[in-house]
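Undergrad: build me a model from this:
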Amino acid sequence: MGKIFYKPENAWVGDLIPYYENGIYYAFYLHDPRCRKDEFAEDTTWHLVTTKDFVKLDYQGEAIHPGGKDQPDKNAYTGSVIRDQDGTCYAFFTAYNEDIKYAGKSVQTVMRAVGKDPLHLETDRDFLFKADDEIYESFDWRDPYVFFHEKEQCWWMLLAARRKNAGELRGGCIALCKSADLKNWSYEQPFFEPHMYVTMECPEVFQMGDYWYLVFSTFNDRFVTHYRIADCPEGPWRIPADDVFDTRANYAIKTVSDGKKRFACGWVASKRENRDFGAWEWGGTMIFHEVVQNPVDGTLQMKEIDAYGTFYSQQMKKEFPALWNCRMQKEESVLETDMLGAALYEIPQDAFSIDMEFEILKAHEFGIALHVSDGLETGYFLKMNEKTGQMAWDQWPRSVPGKYQWQIKGDIPYQIETSRRLPEGPVYHVQILREDDICVVYVNDEVALSTRMYDHKGGKAGLYLVQGAAKLTKFEIYY
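TA: Numbering: from 1, shown residues only. All right, here's what the predicted structure looks like:
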(Lines give C-alpha, C1' and ligand atoms only; values in the text may rest on other atoms or scores of the structure.)
Protein backbone atom coordinates (compact mmCIF):
# COMPACT_ATOMS: atom_id res chain seq x y z
CA MET A 1 0.00 0.00 0.00
CA GLY A 2 1.19 3.53 -0.75
CA LYS A 3 1.14 6.56 1.48
CA ILE A 4 -1.54 9.16 2.17
CA PHE A 5 0.86 12.00 2.91
CA TYR A 6 3.63 12.93 0.49
CA LYS A 7 7.26 13.59 1.39
CA PRO A 8 10.05 13.52 -1.22
CA GLU A 9 12.94 11.11 -0.77
CA ASN A 10 15.83 12.70 1.16
CA ALA A 11 14.08 16.09 1.30
CA TRP A 12 11.16 17.92 2.89
CA VAL A 13 8.10 19.80 1.66
CA GLY A 14 7.98 23.55 2.22
CA ASP A 15 5.30 26.02 1.12
CA LEU A 16 2.88 24.77 -1.52
CA ILE A 17 1.90 26.72 -4.62
CA PRO A 18 -1.25 24.93 -5.83
CA TYR A 19 -2.75 25.35 -9.30
CA TYR A 20 -5.66 23.62 -11.09
CA GLU A 21 -6.20 23.02 -14.77
CA ASN A 22 -8.17 20.51 -16.87
CA GLY A 23 -8.85 17.99 -14.11
CA ILE A 24 -5.32 18.04 -12.70
CA TYR A 25 -4.12 19.64 -9.47
CA TYR A 26 -0.55 20.90 -9.70
CA ALA A 27 1.03 20.86 -6.25
CA PHE A 28 4.19 22.92 -6.72
CA TYR A 29 6.18 22.97 -3.50
CA LEU A 30 9.44 24.25 -2.05
CA HIS A 31 11.82 21.30 -2.09
CA ASP A 32 14.12 21.58 0.93
CA PRO A 33 17.06 19.13 0.94
CA ARG A 34 18.21 20.36 4.39
CA CYS A 35 21.76 20.29 3.11
CA ARG A 36 23.18 22.25 6.04
CA LYS A 37 22.91 21.14 9.64
CA ASP A 38 20.29 23.10 11.61
CA GLU A 39 19.51 25.34 8.61
CA PHE A 40 16.35 25.29 6.51
CA ALA A 41 15.24 26.41 3.04
CA GLU A 42 18.78 26.49 1.64
CA ASP A 43 19.40 25.38 -1.96
CA THR A 44 15.64 25.34 -2.30
CA THR A 45 13.59 25.58 -5.47
CA TRP A 46 10.18 24.54 -6.83
CA HIS A 47 9.43 20.87 -7.43
CA LEU A 48 6.10 19.47 -8.58
CA VAL A 49 3.68 16.63 -7.97
CA THR A 50 0.41 16.29 -9.87
CA THR A 51 -2.76 14.58 -8.72
CA LYS A 52 -6.43 14.08 -9.45
CA ASP A 53 -7.54 12.90 -6.02
CA PHE A 54 -4.86 14.16 -3.52
CA VAL A 55 -3.76 10.61 -2.67
CA LYS A 56 -2.20 9.31 -5.86
CA LEU A 57 0.52 11.90 -6.44
CA ASP A 58 2.92 11.73 -9.38
CA TYR A 59 6.31 13.36 -8.92
CA GLN A 60 7.24 15.50 -11.92
CA GLY A 61 10.69 16.62 -10.75
CA GLU A 62 12.19 20.09 -10.52
CA ALA A 63 9.76 22.69 -11.86
CA ILE A 64 11.87 25.87 -11.68
CA HIS A 65 15.62 25.68 -12.13
CA PRO A 66 17.54 27.86 -9.65
CA GLY A 67 20.20 30.35 -10.67
CA GLY A 68 23.87 30.12 -9.81
CA LYS A 69 25.60 31.25 -6.62
CA ASP A 70 25.88 34.81 -7.91
CA GLN A 71 22.27 35.05 -9.14
CA PRO A 72 19.28 36.54 -7.25
CA ASP A 73 17.42 33.22 -7.58
CA LYS A 74 20.01 31.03 -5.91
CA ASN A 75 16.91 30.00 -3.96
CA ALA A 76 13.39 30.08 -5.41
CA TYR A 77 10.69 30.52 -2.80
CA THR A 78 6.91 30.90 -2.66
CA GLY A 79 4.77 32.50 -5.36
CA SER A 80 1.80 31.75 -7.62
CA VAL A 81 0.92 30.32 -11.04
CA ILE A 82 -1.48 31.85 -13.61
CA ARG A 83 -2.38 31.81 -17.30
CA ASP A 84 -2.86 35.08 -19.14
CA GLN A 85 -5.51 35.88 -21.76
CA ASP A 86 -3.27 34.54 -24.53
CA GLY A 87 -2.75 31.18 -22.84
CA THR A 88 0.81 31.75 -21.65
CA CYS A 89 1.60 30.24 -18.26
CA TYR A 90 3.50 32.31 -15.65
CA ALA A 91 4.98 31.38 -12.31
CA PHE A 92 5.87 34.40 -10.16
CA PHE A 93 8.24 33.46 -7.33
CA THR A 94 10.48 34.86 -4.63
CA ALA A 95 14.17 35.03 -5.51
CA TYR A 96 16.65 35.05 -2.64
CA ASN A 97 20.41 35.00 -2.33
CA GLU A 98 21.77 35.79 1.12
CA ASP A 99 24.99 37.12 -0.45
CA ILE A 100 23.20 39.88 -2.37
CA LYS A 101 22.69 42.69 0.12
CA TYR A 102 21.22 46.17 0.34
CA ALA A 103 22.16 48.42 3.25
CA GLY A 104 23.85 45.43 4.86
CA LYS A 105 20.81 43.13 4.67
CA SER A 106 19.98 40.32 2.29
CA VAL A 107 17.07 41.28 0.04
CA GLN A 108 14.21 39.40 -1.56
CA THR A 109 13.00 40.09 -5.10
CA VAL A 110 10.33 38.75 -7.44
CA MET A 111 11.18 36.82 -10.58
CA ARG A 112 9.04 34.86 -13.00
CA ALA A 113 9.17 31.73 -15.11
CA VAL A 114 7.22 31.41 -18.36
CA GLY A 115 5.98 28.46 -20.40
CA LYS A 116 3.30 27.02 -22.61
CA ASP A 117 1.96 24.96 -19.70
CA PRO A 118 2.72 24.33 -15.98
CA LEU A 119 5.06 21.45 -16.83
CA HIS A 120 7.42 23.54 -18.94
CA LEU A 121 8.53 26.70 -17.14
CA GLU A 122 11.73 28.59 -17.93
CA THR A 123 13.00 31.50 -15.83
CA ASP A 124 12.82 34.91 -17.51
CA ARG A 125 16.16 36.44 -16.52
CA ASP A 126 15.18 39.84 -17.85
CA PHE A 127 12.46 40.18 -15.21
CA LEU A 128 13.46 41.28 -11.71
CA PHE A 129 10.93 43.16 -9.57
CA LYS A 130 12.23 44.80 -6.39
CA ALA A 131 10.54 46.70 -3.58
CA ASP A 132 10.37 50.47 -4.15
CA ASP A 133 12.12 51.29 -0.84
CA GLU A 134 9.66 54.16 -0.40
CA ILE A 135 6.30 52.65 0.53
CA TYR A 136 7.84 49.25 1.21
CA GLU A 137 11.20 48.30 2.67
CA SER A 138 13.57 46.19 0.56
CA PHE A 139 14.19 43.31 2.94
CA ASP A 140 10.74 41.67 3.08
CA TRP A 141 9.33 41.36 -0.43
CA ARG A 142 8.17 37.84 -0.99
CA ASP A 143 5.44 35.31 -1.80
CA PRO A 144 3.86 37.10 -4.80
CA TYR A 145 0.24 36.15 -5.40
CA VAL A 146 -1.02 37.32 -8.82
CA PHE A 147 -4.66 37.36 -9.91
CA PHE A 148 -6.81 39.20 -12.46
CA HIS A 149 -9.05 41.92 -11.02
CA GLU A 150 -12.22 41.84 -13.11
CA LYS A 151 -13.53 45.28 -12.16
CA GLU A 152 -10.27 47.09 -12.93
CA GLN A 153 -9.37 44.78 -15.84
CA CYS A 154 -5.75 44.49 -14.78
CA TRP A 155 -3.48 42.17 -12.83
CA TRP A 156 -2.97 42.57 -9.09
CA MET A 157 0.01 41.25 -7.17
CA LEU A 158 -0.07 40.78 -3.40
CA LEU A 159 3.18 40.33 -1.47
CA ALA A 160 4.32 39.66 2.07
CA ALA A 161 5.95 43.00 2.81
CA ARG A 162 6.72 45.63 5.42
CA ARG A 163 5.83 49.31 5.53
CA LYS A 164 8.94 51.50 5.20
CA ASN A 165 10.10 52.84 8.60
CA ALA A 166 7.34 50.95 10.44
CA GLY A 167 7.92 49.08 13.69
CA GLU A 168 9.91 45.86 13.69
CA LEU A 169 7.14 43.84 15.32
CA ARG A 170 3.93 45.36 13.90
CA GLY A 171 4.99 46.83 10.57
CA GLY A 172 4.07 43.82 8.46
CA CYS A 173 1.58 44.41 5.65
CA ILE A 174 0.37 42.88 2.40
CA ALA A 175 1.69 45.00 -0.44
CA LEU A 176 -0.31 45.73 -3.61
CA CYS A 177 1.11 46.20 -7.10
CA LYS A 178 -0.79 46.48 -10.40
CA SER A 179 0.00 45.69 -14.01
CA ALA A 180 -1.66 45.67 -17.43
CA ASP A 181 0.91 43.39 -19.06
CA LEU A 182 2.41 41.24 -16.24
CA LYS A 183 5.76 42.91 -16.88
CA ASN A 184 5.51 46.53 -15.72
CA TRP A 185 4.16 46.93 -12.20
CA SER A 186 3.10 49.99 -10.20
CA TYR A 187 3.52 50.31 -6.43
CA GLU A 188 0.24 50.98 -4.62
CA GLN A 189 -0.65 51.58 -0.99
CA PRO A 190 -0.90 48.36 1.09
CA PHE A 191 -3.71 45.98 0.29
CA PHE A 192 -4.01 45.06 3.97
CA GLU A 193 -2.24 46.72 6.89
CA PRO A 194 -3.56 45.61 10.29
CA HIS A 195 -0.59 46.87 12.39
CA MET A 196 -0.53 43.51 14.18
CA TYR A 197 2.23 41.33 12.73
CA VAL A 198 5.93 41.10 11.95
CA THR A 199 4.89 39.98 8.47
CA MET A 200 2.07 38.13 6.74
CA GLU A 201 3.44 35.31 4.62
CA CYS A 202 1.92 33.51 1.63
CA PRO A 203 -1.00 35.90 1.00
CA GLU A 204 -3.88 34.73 -1.19
CA VAL A 205 -7.26 36.16 -2.20
CA PHE A 206 -10.17 34.19 -3.64
CA GLN A 207 -13.93 34.35 -4.04
CA MET A 208 -16.26 31.61 -2.85
CA GLY A 209 -19.99 32.13 -3.25
CA ASP A 210 -20.97 35.63 -2.14
CA TYR A 211 -17.81 36.21 -0.10
CA TRP A 212 -14.16 37.07 -0.65
CA TYR A 213 -11.35 35.62 1.46
CA LEU A 214 -7.86 36.81 2.36
CA VAL A 215 -5.51 34.07 3.56
CA PHE A 216 -2.09 34.65 5.16
CA SER A 217 0.28 32.97 7.61
CA THR A 218 2.00 34.52 10.63
CA PHE A 219 4.42 33.51 13.36
CA ASN A 220 4.00 36.10 16.10
CA ASP A 221 0.46 36.06 17.55
CA ARG A 222 0.24 32.37 16.68
CA PHE A 223 2.31 30.25 14.31
CA VAL A 224 -0.66 29.58 12.05
CA THR A 225 -2.60 30.31 8.85
CA HIS A 226 -5.38 32.91 9.25
CA TYR A 227 -8.24 33.98 7.01
CA ARG A 228 -10.40 37.11 6.75
CA ILE A 229 -13.81 37.65 5.09
CA ALA A 230 -15.08 40.55 2.96
CA ASP A 231 -17.86 41.35 0.51
CA CYS A 232 -15.43 42.47 -2.22
CA PRO A 233 -11.68 42.11 -2.85
CA GLU A 234 -11.00 45.65 -1.61
CA GLY A 235 -12.35 44.84 1.85
CA PRO A 236 -12.96 45.84 4.59
CA TRP A 237 -11.84 42.53 6.05
CA ARG A 238 -13.69 40.93 8.97
CA ILE A 239 -12.14 38.51 11.49
CA PRO A 240 -14.31 35.40 12.01
CA ALA A 241 -14.59 33.90 15.48
CA ASP A 242 -12.52 30.86 14.44
CA ASP A 243 -10.10 32.44 11.97
CA VAL A 244 -7.54 29.64 11.43
CA PHE A 245 -7.39 26.61 9.14
CA ASP A 246 -5.50 24.16 11.34
CA THR A 247 -2.97 23.97 14.17
CA ARG A 248 0.55 25.34 14.33
CA ALA A 249 1.76 22.07 12.82
CA ASN A 250 0.16 22.80 9.42
CA TYR A 251 1.69 26.06 8.22
CA ALA A 252 1.65 28.30 5.12
CA ILE A 253 -1.66 26.94 3.84
CA LYS A 254 -2.83 28.09 0.41
CA THR A 255 -5.96 26.93 -1.40
CA VAL A 256 -6.95 25.68 -4.84
CA SER A 257 -10.34 25.13 -6.49
CA ASP A 258 -11.64 23.15 -9.44
CA GLY A 259 -14.65 25.45 -9.67
CA LYS A 260 -16.80 23.20 -7.50
CA LYS A 261 -14.73 22.29 -4.45
CA ARG A 262 -11.86 24.09 -2.74
CA PHE A 263 -8.94 22.45 -0.95
CA ALA A 264 -6.43 23.68 1.64
CA CYS A 265 -2.83 22.75 0.80
CA GLY A 266 -0.13 22.85 3.47
CA TRP A 267 2.66 20.95 5.20
CA VAL A 268 2.85 19.30 8.60
CA ALA A 269 6.11 20.41 10.20
CA SER A 270 8.67 17.94 11.43
CA LYS A 271 10.15 18.08 14.94
CA ARG A 272 13.79 18.20 15.90
CA GLU A 273 15.38 14.77 16.40
CA ASN A 274 12.06 13.14 15.43
CA ARG A 275 10.81 13.28 19.00
CA ASP A 276 7.62 14.56 20.58
CA PHE A 277 9.64 16.88 22.81
CA GLY A 278 11.65 18.31 19.92
CA ALA A 279 11.16 21.85 18.63
CA TRP A 280 9.03 22.40 15.54
CA GLU A 281 11.06 22.81 12.34
CA TRP A 282 10.51 24.45 8.93
CA GLY A 283 9.29 22.03 6.29
CA GLY A 284 7.59 18.69 6.57
CA THR A 285 5.03 16.53 4.80
CA MET A 286 2.33 17.52 2.30
CA ILE A 287 -1.29 17.49 3.47
CA PHE A 288 -4.70 18.51 2.11
CA HIS A 289 -8.13 19.32 3.60
CA GLU A 290 -11.41 20.09 1.88
CA VAL A 291 -12.64 23.62 2.55
CA VAL A 292 -16.38 23.94 3.20
CA GLN A 293 -18.21 27.26 3.37
CA ASN A 294 -21.08 28.17 5.66
CA PRO A 295 -23.19 30.09 3.13
CA VAL A 296 -25.03 32.01 5.86
CA ASP A 297 -22.11 33.87 7.41
CA GLY A 298 -19.26 32.90 5.05
CA THR A 299 -17.13 31.14 7.67
CA LEU A 300 -14.90 28.31 6.49
CA GLN A 301 -14.67 24.81 7.90
CA MET A 302 -12.26 21.94 7.23
CA LYS A 303 -13.29 18.36 6.49
CA GLU A 304 -11.56 15.18 5.40
CA ILE A 305 -11.16 14.84 1.62
CA ASP A 306 -12.97 11.89 0.07
CA ALA A 307 -9.84 9.98 -0.93
CA TYR A 308 -8.43 10.19 2.61
CA GLY A 309 -11.62 8.71 4.01
CA THR A 310 -11.48 5.63 1.77
CA PHE A 311 -7.70 5.06 1.77
CA TYR A 312 -7.80 2.48 4.58
CA SER A 313 -10.50 -0.01 3.62
CA GLN A 314 -9.83 -3.21 5.62
CA GLN A 315 -11.94 -3.09 8.78
CA MET A 316 -10.62 -4.66 11.96
CA LYS A 317 -12.86 -7.17 13.69
CA LYS A 318 -14.91 -5.32 16.26
CA GLU A 319 -14.67 -6.52 19.84
CA PHE A 320 -16.29 -5.24 23.02
CA PRO A 321 -13.94 -2.57 24.38
CA ALA A 322 -11.60 -3.16 27.27
CA LEU A 323 -12.95 -1.16 30.20
CA TRP A 324 -10.52 0.62 32.47
CA ASN A 325 -11.85 2.00 35.76
CA CYS A 326 -15.38 2.35 34.36
CA ARG A 327 -18.53 0.40 33.52
CA MET A 328 -20.53 0.05 30.34
CA GLN A 329 -24.04 -1.06 29.50
CA LYS A 330 -23.40 -3.33 26.54
CA GLU A 331 -26.90 -3.10 25.10
CA GLU A 332 -27.01 0.71 25.11
CA SER A 333 -23.23 1.32 24.81
CA VAL A 334 -23.35 3.82 27.68
CA LEU A 335 -19.98 4.36 29.37
CA GLU A 336 -19.96 5.63 32.97
CA THR A 337 -17.09 6.66 35.25
CA ASP A 338 -16.82 7.92 38.81
CA MET A 339 -13.40 9.46 38.16
CA LEU A 340 -11.00 8.76 35.26
CA GLY A 341 -12.07 5.86 33.10
CA ALA A 342 -11.91 4.73 29.49
CA ALA A 343 -13.29 2.29 26.93
CA LEU A 344 -10.34 1.13 24.82
CA TYR A 345 -9.74 -0.87 21.63
CA GLU A 346 -6.54 -2.45 20.28
CA ILE A 347 -5.16 -0.47 17.34
CA PRO A 348 -2.39 -0.98 14.74
CA GLN A 349 1.04 0.56 15.12
CA ASP A 350 0.90 3.66 12.93
CA ALA A 351 -1.03 3.17 9.67
CA PHE A 352 -4.78 3.21 10.15
CA SER A 353 -7.90 5.33 10.42
CA ILE A 354 -10.57 5.51 13.10
CA ASP A 355 -14.18 6.56 12.56
CA MET A 356 -16.01 7.12 15.84
CA GLU A 357 -19.12 8.81 17.16
CA PHE A 358 -20.24 9.46 20.70
CA GLU A 359 -22.69 11.55 22.68
CA ILE A 360 -21.65 13.18 25.95
CA LEU A 361 -24.43 12.81 28.51
CA LYS A 362 -22.43 14.47 31.29
CA ALA A 363 -18.73 14.84 32.03
CA HIS A 364 -16.26 16.85 34.07
CA GLU A 365 -13.71 16.09 31.33
CA PHE A 366 -13.67 13.91 28.21
CA GLY A 367 -11.69 13.23 25.07
CA ILE A 368 -9.93 10.72 22.85
CA ALA A 369 -7.17 8.41 24.10
CA LEU A 370 -4.70 7.32 21.41
CA HIS A 371 -1.72 4.93 21.59
CA VAL A 372 -2.24 4.57 25.33
CA SER A 373 -1.02 1.82 27.61
CA ASP A 374 -3.43 -0.40 29.55
CA GLY A 375 -3.41 1.85 32.61
CA LEU A 376 -3.32 5.12 30.63
CA GLU A 377 0.19 5.68 31.98
CA THR A 378 1.54 6.67 28.56
CA GLY A 379 0.07 7.91 25.29
CA TYR A 380 -1.78 10.84 23.74
CA PHE A 381 -5.01 12.44 24.91
CA LEU A 382 -7.14 14.79 22.83
CA LYS A 383 -8.78 16.92 25.52
CA MET A 384 -12.18 18.24 24.45
CA ASN A 385 -13.36 21.00 26.76
CA GLU A 386 -16.99 22.04 26.32
CA LYS A 387 -16.63 24.74 29.00
CA THR A 388 -14.03 26.67 26.99
CA GLY A 389 -15.05 25.44 23.55
CA GLN A 390 -11.46 24.31 22.87
CA MET A 391 -9.67 21.04 22.21
CA ALA A 392 -5.95 20.24 22.20
CA TRP A 393 -3.57 17.32 22.45
CA ASP A 394 -1.95 16.35 25.73
CA GLN A 395 0.50 13.49 26.18
CA TRP A 396 1.91 11.47 29.02
CA PRO A 397 4.60 11.87 30.02
CA ARG A 398 4.72 15.53 29.03
CA SER A 399 8.50 15.74 29.08
CA VAL A 400 11.58 13.74 29.92
CA PRO A 401 11.17 12.93 33.64
CA GLY A 402 13.22 15.16 35.92
CA LYS A 403 15.24 14.27 39.01
CA TYR A 404 12.35 15.04 41.34
CA GLN A 405 8.91 13.45 41.32
CA TRP A 406 7.18 16.80 40.83
CA GLN A 407 9.08 17.61 37.62
CA ILE A 408 6.28 16.42 35.31
CA LYS A 409 5.07 19.76 33.84
CA GLY A 410 1.89 19.76 35.86
CA ASP A 411 1.36 23.42 35.02
CA ILE A 412 1.21 22.74 31.26
CA PRO A 413 -2.07 20.82 30.86
CA TYR A 414 -1.94 20.50 27.07
CA GLN A 415 0.08 21.34 23.95
CA ILE A 416 -1.08 24.89 23.37
CA GLU A 417 0.17 24.95 19.77
CA THR A 418 -2.35 22.21 18.87
CA SER A 419 -5.35 24.04 20.32
CA ARG A 420 -8.42 24.32 18.10
CA ARG A 421 -12.08 25.23 18.41
CA LEU A 422 -14.28 22.40 19.68
CA PRO A 423 -17.46 22.14 17.57
CA GLU A 424 -20.75 22.27 19.41
CA GLY A 425 -21.90 18.96 20.93
CA PRO A 426 -23.14 16.92 22.64
CA VAL A 427 -22.76 14.54 19.66
CA TYR A 428 -19.27 14.29 18.15
CA HIS A 429 -18.22 12.55 14.95
CA VAL A 430 -14.44 12.10 14.97
CA GLN A 431 -12.22 10.84 12.14
CA ILE A 432 -8.56 10.07 12.85
CA LEU A 433 -5.83 9.43 10.28
CA ARG A 434 -2.49 7.97 11.43
CA GLU A 435 0.47 7.39 9.15
CA ASP A 436 4.08 7.08 10.30
CA ASP A 437 4.47 10.06 12.69
CA ILE A 438 1.55 12.18 11.43
CA CYS A 439 -1.88 12.34 13.04
CA VAL A 440 -4.82 14.32 11.65
CA VAL A 441 -8.18 14.60 13.40
CA TYR A 442 -11.44 15.90 11.92
CA VAL A 443 -14.36 16.72 14.22
CA ASN A 444 -17.94 17.04 12.96
CA ASP A 445 -16.71 17.86 9.43
CA GLU A 446 -15.84 21.32 10.73
CA VAL A 447 -12.41 21.41 12.34
CA ALA A 448 -9.06 19.88 11.36
CA LEU A 449 -6.33 19.30 13.93
CA SER A 450 -2.92 18.12 12.67
CA THR A 451 0.18 17.19 14.63
CA ARG A 452 3.22 14.90 14.82
CA MET A 453 3.34 11.84 17.05
CA TYR A 454 6.73 10.16 17.32
CA ASP A 455 7.15 8.48 20.70
CA HIS A 456 4.08 6.25 21.12
CA LYS A 457 2.88 3.56 18.72
CA GLY A 458 0.33 0.76 18.84
CA GLY A 459 -1.40 0.22 22.16
CA LYS A 460 -5.04 1.16 22.52
CA ALA A 461 -7.43 3.94 21.55
CA GLY A 462 -10.87 4.94 22.68
CA LEU A 463 -12.99 7.37 24.64
CA TYR A 464 -11.98 8.58 28.09
CA LEU A 465 -14.13 10.35 30.69
CA VAL A 466 -13.68 11.97 34.06
CA GLN A 467 -16.76 11.66 36.27
CA GLY A 468 -19.23 11.36 33.46
CA ALA A 469 -21.35 9.31 31.11
CA ALA A 470 -21.32 9.00 27.33
CA LYS A 471 -22.98 6.91 24.66
CA LEU A 472 -20.35 5.41 22.36
CA THR A 473 -22.36 4.70 19.21
CA LYS A 474 -19.55 4.02 16.74
CA PHE A 475 -15.89 2.96 16.85
CA GLU A 476 -14.51 1.48 13.65
CA ILE A 477 -10.85 0.88 12.85
CA TYR A 478 -9.53 0.50 9.30
CA TYR A 479 -6.06 -0.43 8.11
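Undergrad: from the contact counts, what lies against the one helix or strand residue 145 maps to?
TA: Following DSSP states H and E, the helix or strand that holds residue 145 is strand 136-149. Counting contacts by 3 or more Cβ pairs under 8 Å, 6 or more residues apart in numbering; DSSP states H and E, strand 136-149 packs against strand 75-83, strand 89-102, strand 105-117, strand 154-163, strand 172-179, strand 201-208. Heads up, the C-betas are built off the backbone N, CA and C, glycines and all.
Undergrad: of the ones you listed, which is nearest residue 295?
TA: Closest to residue 295 of the helices and strands packed on strand 136-149, according to Cβ to Cβ: strand 201-208, at 9.4 Å.
Undergrad: what angle separates whatever helix or strand comes next after the closest one from strand 75-83?
TA: Per DSSP H and E, the first helix or strand lying C-terminal to strand 201-208 is strand 211-218. Using axes from the mean of the first three to the mean of the last three Cα atoms, to 10 degrees, the inter-axis angle of strand 211-218 relative to strand 75-83 is 170 degrees.
Undergrad: what sits against residue 14?
TA: Residues counted as contacts of residue 14 (Cβ atoms under 8 Å, 6 or more residues apart in numbering) are 29, 30, 31, 32, 41, 44, 77, 78, 252, 267, 282, 283.
Undergrad: before we move on, back to that, please name the strands paired to the strand holding residue 145 in the sheet, noting orientation.
TA: Each strand paired with strand 136-149, and its direction, by DSSP bridges: strand 154-163 (antiparallel).
Undergrad: now the element after the strand or helix carrying residue 263, going C-ward?
TA: Assigned by DSSP H and E, residue 263 belongs to strand 262-271. As assigned by DSSP H and E, the chain's next helix or strand after strand 262-271 is strand 280-293.
Undergrad: in that following strand, what counts as buried?
TA: 281-293 (16 or more other Cβ atoms under 10 Å).
Undergrad: now do the same contact list for residue 33.
TA: Contacts of residue 33 (Cβ under 8 Å, 6+ apart): 10, 11, 12, 43, 44.
Undergrad: and the pLDDT at the closest residue in space to the first one that isn't next to it in sequence?
TA: If the residues on either side of it in the chain are set aside, residue 10 comes closest to residue 33, at 6.8 Å by Cβ to Cβ, 6 or more residues apart in numbering. Per-residue confidence at residue 33 stands at 91 (pLDDT).
Undergrad: look up how far residue 76 lies from residue 33.
TA: For residue 33, the distance to residue 76 (Cβ to Cβ, to the nearest Å) stands at 13 Å.
Undergrad: what's the longest strand in the chain?
TA: strand 351-372 (DSSP state E).
Undergrad: can you list the low-confidence ranges for the stretch 201-350 of the chain?
TA: For the stretch 201-350 of the chain, no stretch is flagged by pLDDT under 70.
Undergrad: still on that earlier bit, which parts of the strand holding residue 263 are buried?
TA: 262, 263, 264, 265, 266, 267, 268, 269, 270, 271.
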